[in-house]
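Visitor: Structure for this input, please:
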Amino acid sequence: MLFIVSWSISPDNRNAVIERFLKTGGAPPAGVTMKGRWHAVGGSAGFGIAEASDVVPIQQWVLDWNDLMSMEVHAALTDEQMAPLLAATVGK
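Guide: Have a look, this model is predicted:
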């Protein structure tokens with residue numbers, strides 16, 4: 001299953017987040033594969049796409065970081081997964 005993971009960092013936590021990221025590389029726990037990660041230019045926000053077969057390691061990843069930043073996680077579908085659902089919705 002794919003997940004969109006987004007985050008925002010308050011200015012008060014910026015340096016602590018930088019230090020943790022440099023120490024850990026921001027790697028997710030076992031059971032989560034990082035497909036890609038993007039950081040907003042000029043801001044303290046970003047998002048990543050992760051893959052996991054279980055939500056438990058996704059939640060562990062959030063718990064590893066949400067003491068320093070706000071995080072949101074949403075399950076995601078690919079175009080190939082979504083297209084049949086959309087077609088069924090409009091009767092095609």
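
Visitor: how distant is stretch 52-62 from the center of its chain?
Guide: Relative to the chain's own centre, stretch 52-62 is displaced by 10 Å; criterion: CA atoms, centre = their mean, to the nearest Å.

Visitor: ignore the last one, stretch 49-61
Guide: The chain centre lies 9 Å from the centre of stretch 49-61; the measure is CA atoms, centre = their mean.

Visitor: Touching that stretch from outside, list them.
Guide: 1-5, 28-37, 73, 76 (CB atoms under 8 Å, 6 or more residues apart in numbering). C-beta coordinates here come from the backbone N, C-alpha and C atoms, glycine included.

Visitor: List the buried residues for that stretch?
Guide: Buried residues in stretch 49-61, counted by 16 or more other CB atoms under 10 Å: A50, A52, P57, I58, W61.

Visitor: and the first one, helix, strand or coil?
Guide: Spelled out, it's A50. Following DSSP: H, G, I helix; E, B strand; the rest coil, the label given to A50 is strand.

Visitor: can you give me the helices for the protein?
Guide: Taking DSSP state H as the test, the helices found in the chain are 14-24, 55-65, 79-89.
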